[in-house]
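Engineer: For reference, the sequence and a predicted model appear below.
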Amino acid sequence: MPLLSFIPRPARYAMSAGLNWLVDFLVFVAIFQTTGIPLGVFIARVCGGAFSFVTHRWFSFDRTGKPTRREMIGFACLWIVNYAAVTLLLMLLPGGTDLWVVAAKFSVEVLVFAANYLFLKRLFVPSLATPR
């Protein structure tokens, strides 16, 4: 990835997160009417999560080689927290039309964006977790 190292890490994260979010969002929009919200979010998160682990690890945070146990467990924990938060918020918000559900999903995803960056930065770049 040396060719892309001139792009600042937050910008790489934003690009990667945008692609990951698009995978998650498109899967959700395609299936939630059939599966319902909880299962639709679950399936979309599995698809987006697998894509996200690879792109964030490699593109956003310059990690290569075999993932560590710490990375896999940390990412799985983040996935569970995100799934629970998005599903709970979508279920608690007053519903209406399908368009409303899609707009609510978009809004909820924006809320978790920054928190995910802070967590993933510390997960994939352990040296950033301890102040110098």
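Structural biologist: Nice, I can see it. Please read all numbers here as calculations on a predicted model, not as lab measurements.

Engineer: packing partners for the helix or strand residue 72 falls within?
Structural biologist: Residue 72 belongs to helix 69-92 when assigned by DSSP states H and E. Counting contacts by 3 or more C-beta pairs under 8 Å, 6 or more residues apart in numbering; DSSP states H and E, helix 69-92 is packed against helix 37-55, helix 98-124. Heads up, the C-betas are built off the backbone N, CA and C, glycines and all.

Engineer: how close does the closest residue to residue 55 other than its chain neighbours get to residue 119?
Structural biologist: Computed as C-beta to C-beta, 6 or more residues apart in numbering, the closest residue to residue 55 that is not its neighbour in sequence is residue 16, at 4.4 Å. Between residue 16 and residue 119 the computed distance is 14 Å (C-beta to C-beta, to the nearest Å).

Engineer: Of the helices and strands packed on helix 69-92, which shows the lowest average pLDDT?
Structural biologist: The stretch with the lowest average pLDDT out of the helices and strands packed on helix 69-92 is helix 98-124, scoring a mean of 78.

Engineer: All set now, cheers.
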